[in-house]
Every structure is written in C-alpha cells, then in structure tokens.
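Novice: build me a structure from this.
(one chain, ligands or ions: 1)
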Amino acid sequence: MNNGAPTRRDFLTALSALGLSGLMPSLSFAQQSMPQRQIPGANESLPIIGLGSTKPVSQIANKGLGPISEVLRTLVGHGGSVIDTWPRNAANDAALGQLLNQSELREALFVTSKIDQAGKQAGIDQFRQTLSLYQRQTLDLLQVFNLTDVETHWSSLEYLKAAGEVRYVGVTVSAAALYEPLERFIKKEKPDFAQVNYSITEREAEKRILPMLMDRGIGVIINRPFMNGEYFRRIGQRPVPNWAREFDCDSWAQFSLKYILPHPAITCVLTETSNPVHMAENATAAFGRMPDRDQRNRMKAVIDKI
Ligand SMILES: NC(=O)c1ccc[n+]([C@@H]2O[C@H](COP(=O)([O-])OP(=O)(O)OC[C@H]3O[C@@H](n4cnc5c(N)ncnc54)[C@H](OP(=O)(O)O)[C@@H]3O)[C@@H](O)[C@H]2O)c1
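Specialist: Coordinates of the predicted model:
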C-alpha cells in the first residue's frame, strides 16, 4: 500500500471527480487526514477505519461491481485503506480482484485475506488462489480465520512472511467462545495482528483480550462493531442523545465506533457495508473529538438500558 495518507482535501477532489460529492457528510474536518495508528513493532501506520467486505463482495454476483466500487472509493476518499476480505466464491473474488487492481486503488489499499480451510496444503492452496484471483504478488495481511487449524497453518504463515509473499500475519476470532484458545495461542506465538469482535454492545474483549494484545505488542483489528447489523435493529428509531455532539457524533453508527476507537489497544476498526453513504458516515467517525472515560461510561449506560 501507499503510506502517503490522503487528506480530506484529496477526498473532496476525488469525490467530485467521481460525481459522488453527495457522500460528503460534513465539511468540518475538511483539512484533516484520517487519523492513523502505528502497527506495533513496525514502521507503518494504518488509518483507523477500514472496510469489512464480506457483504458487498457476496453481492457482486447480483449487483455487479458498482456498489462495492463506490464503497471502496468512499473509504479511500476519506483517507482509509484497509479492506478485510475472506475467500468465499472464486467468481466474486476474481471480480473483486479486478477492482483491487484499478490504478487509483491498487497502491492505496491495505488488503487482508484469510485461510479458513483445515490442513496444511489446503491452507497454502487457498492462499495461492487468493493471490491469483486478486492478481497480486503479495498480500498485506494473511490471517487464520477463527483459529481454524491454527497449529498446522502457523508455520506456513511464518514461511510466507519470510518469503515476502505476505507482509503481516495474524489470526481472527469473532466470538467470546474463542477468547480462551486465542489467549493460549498468543502466549505461544507472536502474530502481527489479532482480529477480535468488540463494540459498545459486545464488550467482553475489554476484560482480558485487548489488554493482553496490547501488552504483547500485537496489532488489533476490530470486527462486528455493529454486531453484523443487530445493533441497529436493537436501537430502532430512538434518537441519538444530544450530548453525543460533545464528541462530534451524529448517528448511532458513530456512537458505537466512537466508543470503540479510544481504546489504546486498537489499530483499526472494520465496518462492513454495501452502502457508500454508510461508508462515509462510518469513516467520518474517525475524525473530530472522541469521548473521554466519563463519556464512554455514559454511552455504556445508554446502551445497557436498551
Ligand atoms: N472471524 C472473522 O474473521 C470475522 C467474523 C465476522 C466479521 N469479520 C470481518 O468483520 C467485517 C465486519 O463484519 P461484521 O459482521 O462485523 O459487520 P458489522 O460491521 O458489525 O455490521 C454490518 C451491518 O451493519 C450495517 N451498517 C454498516 N454501517 C451502517 C451505518 N452507518 N448505518 C446503518 N447500518 C450500517 C450494514 O448494512 P449496510 O450494508 O446496509 O450498510 C451491515 O448489515 C466483515 O466484513 C469481516 O471482514 C471477520
């Protein structure tokens, strides 16, 4: 990826060129670039909001590349770069590969993928197919999905990193039931990243996992910031509290993201969306003020009453 962080000015120019300037939710942060956090132990930083692409990639077969293309350009336009992917369907992944290789995106993105197959050769084959479908020589981050056969795959990931075929290696979990195996794994091995579920509604990771990952110098990528959409169903039509404006929060999506982002363990938060307006809203949560400890406690109290 290109480490030169695009600024909001670049973003405005890009949106205008794409005819998407209606996606600009607020001009108040127009001179800033998206805040970044350093990858622990590396001389590289990542913008703090990224895209979880499972849903928009799964829609390529029916809707074509238009929606995911707009979502990705909106992310990049806001200064984001991280796209998390998961090999599911070769035809859709090949189409995603075409998009990832468009000239204005190719150097701008930090592309991750996963191995979700058991067995050493199956894992290597899956990685090679991903590289081929994405038309890349190198992946930025390769993760073992939900710790699937991680004892078998880990030496392969280390080998691929040493060979320069992946830049960083990691593991993912998306449920508290996997925290114990994750703890056991990170006591033995040192992944560059762990991907963990965490949100204002799923706070279990605060107790042990996030502090432990921070202590061990492991980068943290967050999934399920909206419980895969369940958060919005629970909130319903309630208005966002007025006091959320004290930390530049205009929507319930930003309410969850601005709760997550101040945690010092976190490198990047993925938000999954197939809607460019939602992508703009989520990316904007990276800008402006963040809640302090008292405000975060107040946010929790609101959510716990719902
Ligand atoms: N074990 C693993 O490795 C694992 C497991 C789960 C997830 N993940 C990763 O994490 C990513 C995030 O997925 P998730 O399950 O955690 O999803 P999520 O981001 O918690 O929620 C996604 C849902 O929220 C909606 N949404 C997003 N932004 C919104 C907004 N501003 N306003 C209203 N609705 C909004 C989306 O609908 P719209 O399309 O309508 O916006 C979608 O239905 C995945 O794509 C994947 O990359 C990894």
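Novice: what pairs with the closest residue to the ligand within the chain across the strands?
Specialist: Among residues of the chain, the one nearest the ligand by CB to the nearest ligand atom turns out to be Gly52. It sits 2.1 Å away. Any C-beta I mention is one placed from the backbone N, CA and C, and that applies to glycine too. Using DSSP bridges, the bridge partners assigned to Gly52 are Asp84, Glu272.
Novice: what's the pLDDT at it?
Specialist: With respect to pLDDT, Gly52 has a value of 98.
Novice: over to Asn242?
Specialist: Asn242 is assigned a pLDDT of 98 by the prediction.
Novice: count of neighbours near it?
Specialist: Applying other CB atoms under 10 Å, we find 7 residues neighbouring Asn242.
Novice: mind listing what the spatially closest residue to Asp140 that is not a sequence neighbour touches?
Specialist: The shortest distance from Asp140 to any non-neighbouring residue, by CB to CB, 6 or more residues apart in numbering, is to Phe110 (4.6 Å). Phe110 makes contact with Met1, Leu46, Gly50, Ser81, Val82, Ile83, Asp140, Leu141 under the criterion CB atoms under 8 Å, 6 or more residues apart in numbering.
Novice: correct me, but the residue of the chain closest to the ligand touches Thr271?
Specialist: Yes: in this structure Gly52 lies within contact range of Thr271 using CB atoms under 8 Å: 6.3 Å.
Novice: quick check: Val82 touching Ile48?
Specialist: No: contact status for Val82 versus Ile48: not in contact, 9.0 Å apart, counting by CB under 8 Å.
Novice: who touches both of these two?
Specialist: The contact sets of Val82 and Ile48 overlap at Cys268 (CB under 8 Å, 6+ apart).
Novice: what sits against the residue of the chain closest to the ligand?
Specialist: Listed by CB under 8 Å, 6+ apart, the contact set of Gly52 reads Asp84, Asn223, Leu270, Thr271, Glu272.
Novice: hey, where'd the strands end up in the stretch 151-300 of the chain?
Specialist: With DSSP state E, counting those that start in this stretch as the criterion, the stretch 151-300 of the chain has strands at 166-172, 193-197, 219-223, 268-272.
Novice: will you turn these into CSV that also has mean neighbour count and distance to Lys305?
Specialist: Below are the strands of the stretch 151-300 of the chain laid out as CSV (neighbours: other CB atoms under 10 Å; distance: least, CB to CB, whole Å):
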stretch, mean neighbour count, distance to Lys305
strand 166-172, 23, 31
strand 193-197, 25, 22
strand 219-223, 24, 24
strand 268-272, 24, 24
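Novice: Serialize these to CSV and add fields for distance to Tyr179.
Specialist: Putting the strands of the stretch 151-300 of the chain into CSV (distance: least, CB to CB, whole Å) gives the following:
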stretch, distance to Tyr179
strand 166-172, 12
strand 193-197, 8
strand 219-223, 13
strand 268-272, 18
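Novice: near the ligand, which residues of the stretch 201-306 of the chain?
Specialist: If contacts are counted using CB under 6 Å from any ligand atom, the residues of the stretch 201-306 of the chain sitting beside the ligand are 223-229, 232, 253, 270-275, 278, 281-282.
Novice: swap in 5 Å and give it another go.
Specialist: Counting by CB under 5 Å from any ligand atom, the residues of the stretch 201-306 of the chain lying close to the ligand are 223-226, 228-229, 253, 270-275, 278, 281.
Novice: who wins on neighbours among the residues you listed?
Specialist: Highest count within these by other CB under 10 Å belongs to Pro225, 27 neighbours.
Novice: find the centremost residue of this protein, please.
Specialist: In the chain, the centroid-proximal residue (CA atoms, centre = their mean) is Leu270; its distance is 2.4 Å.
Novice: contacts only, for that residue.
Specialist: Each residue near Leu270 by CB under 8 Å, 6+ apart is listed here: Gly50, Leu51, Gly52, Val82, Asp84, Gln195, Ile221, Ile222, Asn223, Pro225.
Novice: leaving out the residues flanking it, which one is nearest to it?
Specialist: In space, Leu270 comes closest to Gly52 once its chain neighbours are excluded; the distance is 3.9 Å by CB to CB, 6+ apart.
Novice: the one you found and Ile68, how far apart?
Specialist: For Gly52, the distance to Ile68 under the criterion CB to CB, to the nearest Å works out to 12 Å.
Novice: cool, and Arg136?
Specialist: 17 Å.
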